[in-house]
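**Q** Provide a 3D model corresponding to the input given below.
(chains A and B)
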2 protein chains.
Amino acid sequence: MRRIKAVACYDGSAYHGFQRQDNAYTVQQAIEDALFTLTGEKISVNGCSRTDTGVHAREFVLSFDIKNAIPCEGIVRGMNNMLPPDIAFKSCEECESDFHARYNCKGKEYEYLIHNSRGKNPFIHSRAYRYALPIDEKLLQKAAEKFVGTHDFKSFCCADCDKENTTRTVYSCTVERQDDMIYVRISADGFLYNMVRIIVGTLLYVNEGKLTPEDIPHLFEVRDRTKAGVTVPPQGLYLNKVFY
Amino acid sequence: MRRIKAVACYDGSAYHGFQRQDNAYTVQQAIEDALFTLTGEKISVNGCSRTDTGVHAREFVLSFDIKNAIPCEGIVRGMNNMLPPDIAFKSCEECESDFHARYNCKGKEYEYLIHNSRGKNPFIHSRAYRYALPIDEKLLQKAAEKFVGTHDFKSFCCADCDKENTTRTVYSCTVERQDDMIYVRISADGFLYNMVRIIVGTLLYVNEGKLTPEDIPHLFEVRDRTKAGVTVPPQGLYLNKVFY
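**A** Numbering: from 1, shown residues only, chains lettered A, B, ... in the order given. Here you go, the predicted model:
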């Protein structure tokens, strides 16, 4: 038995997230189906994270066991033929037999794309969130810096989140504009459910004057989801990098 | 009754082309449905061209009649709310009552995107045709120039095309590379069915050494579809501009 570490990427528009579900087609299912076609083995893969419906991944790490002796580059080539066109395998390597894509993960970087335009662009509707009001990216950058460090992110996770420990360490949080696209990038040692989408929604509250950058430290203290911004939609979210 | 000239754009991935069909959802249907929701009028639109399943349009001109007094900018705003996210109205104006989007059209520009890479990119699979062999864009440009001028394009249209007159005038035909993307742009006074996709397939034949640039004038003479290149797939094709 060989333990494999694979790096995939996908456009999540057509999938009900990564994680296998009984009633909906997911990225995990597509990958396990393709592995079965390729090897004849019923392989169960472990993903580095769950991603929601419509969320994308530029780098998504998987671990799984395989009996077949097919070389790693053969797995990449074979999987790219078997998988649907919106999922790809970027690389594959044999790893330590105790490597686990989720448990060994030391951190991740997410990116959120905001199409800052009054004009509807049919070519990016499933790749970015359109926001029509002018965005002051310098003001957002000032607010973004307040998230860096070790904080209690209870106000920035889904209200029914039942995690006991809601403290996370954000390594960096930046806001950058390229033409009419705003890129928010956040890297941290871990993320709570909807954390990136609520942080981005909170940055947009700052843009709209509903909050100031100085209010953010207070949000860590109150531990109250209703005080932070809205959860922005999934199509702008990309899992960018995974650290081990 | 007001005659309206409207400019739309769309990602054609989800549609069975522009033209209304009995058994399949098309861009025309989506636009007419949205116009009905907006105005309560059963409006039949005329499009500047048919586009095939999966083909995109950055600029697609429509003409239609409307009784409703809604101002033109209200049509644009209203349609952008009513239409699915992959179709947009860019502009709208009242025009002469005899204007017809197809009959008055004096020419068009198409663009074909080739993703020249061995790597699978899940984010552009429905927006470009992936071609793995290295492309010599300078050689293709030499071949592309042979298409410019007035020629009989019988060899470059679908074999069952029943048009009597297969002579068209190509104003320009260029090949340009930006990183791993090749852009083929063709403008002409008119296009036969599949003409752009067969011209691009012929350019790729030149890339593969199956034809030389010097063979192209001969292809105009033989009037034989089997002598030209393959019809490349639809997802790389964009209607770029429409001339009146």
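
**Q** helix, strand or coil for residue A:73?
**A** helix (DSSP: H, G, I helix; E, B strand; the rest coil).

**Q** Make sure it is actually in contact with residue A:93.
**A** No - Residue A:73 is not in contact with residue A:93 according to C-beta atoms under 8 Å; the separation is 9.8 Å. Heads up, the C-betas are built off the backbone N, CA and C, glycines and all.

**Q** Of the two, which one has the most company?
**A** With neighbours defined as other C-beta atoms under 10 Å in any protein chain shown, residue A:73 and residue A:93 compare such that residue A:93 has more, 14 against 11.

**Q** you'd agree the more buried one is up against residue A:61?
**A** No - between residue A:93 and residue A:61 there is no contact under C-beta under 8 Å: 10.9 Å.

**Q** overlap in contacts of the two?
**A** A:5, A:6 (C-beta atoms under 8 Å, 6 or more residues apart in numbering or on different chains).

**Q** any idea how far chain B is from the residue of chain A most remote from its centre?
**A** Centroid-distance maximum for chain A: residue A:69 at 32.0 Å, with C-alpha atoms, centre = their mean. According to C-beta to the nearest C-beta, to the nearest Å, residue A:69 stands 24 Å off from chain B.

**Q** pLDDT wise, what is that residue at?
**A** pLDDT, residue A:69: 93.

**Q** Equivalent analysis for the one 4 residues further on, please.
**A** Residue A:73 is assigned a pLDDT of 96 by the prediction.

**Q** swap in residue A:148?
**A** pLDDT, read off for residue A:148, is 98.

**Q** tell me the phi and psi of it?
**A** Taking degrees, to the nearest 10, you get phi -70, psi 140 for the backbone angles of residue A:148.

**Q** how does chain A divide into domains?
**A** Chain A breaks down by automatic domain parsing into domains covering A:2-94, A:107-243.

**Q** Please name the nearest non-neighbouring residue to residue A:118.
**A** Residue nearest to residue A:118 in three dimensions, not counting chain neighbours: residue A:132, with 4.7 Å by C-beta to C-beta, 6 or more residues apart in numbering or on different chains.

**Q** Residue numbers of chain A in contact with chain B?
**A** Chain A has residues A:9-11, A:56, A:80, A:85-88, A:90, A:119-123, A:125-127 near chain B, with proximity defined as C-beta under 8 Å from any C-beta of the partner chain.

**Q** distance of residue A:172 from chain B?
**A** In terms of C-beta to the nearest C-beta, residue A:172 sits 24 Å off from chain B.

**Q** which SS state does that residue fall under?
**A** strand.

**Q** what does stretch A:196-206 contact?
**A** By C-beta under 8 Å, 6+ apart, the list of residues contacting stretch A:196-206 from outside reads A:110, A:112, A:114, A:131, A:135, A:139-140, A:143-144, A:147, A:155-158, A:173, A:175, A:184, A:186, A:211-213, A:216, A:219, A:225, A:228-234, A:236-237.

**Q** Return a ChimeraX selection command for the buried portion of the residues you listed.
**A** With 16 or more other C-beta atoms under 10 Å in any protein chain shown as the criterion, this ChimeraX line picks the buried residues out of these:
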select /A:110,112,114,131,135,139,140,143,144,147,155,156,157,173,175,184,186,211,213,216,219,225,228,229,231,232,233,234,236,237
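
**Q** Just the helices from chain A, written as ranges.
**A** Ranges of helices within chain A are A:27-39, A:72-82, A:137-145, A:195-207, A:216-222, based on DSSP state H.

**Q** got the residue ranges for the strands in chain A?
**A** For chain A, the strands defined by DSSP state E cover A:2-10, A:46-47, A:56-66, A:87-94, A:107-116, A:129-131, A:149-152, A:167-178, A:181-188, A:237-243.

**Q** Could you export those strands as CSV, including distance to residue B:194?
**A** Output for the strands of chain A, formatted as CSV (distance: least, C-beta to C-beta, whole Å):
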stretch, distance to residue B:194
strand A:2-10, 31
strand A:46-47, 42
strand A:56-66, 33
strand A:87-94, 29
strand A:107-116, 33
strand A:129-131, 34
strand A:149-152, 59
strand A:167-178, 37
strand A:181-188, 35
strand A:237-243, 36
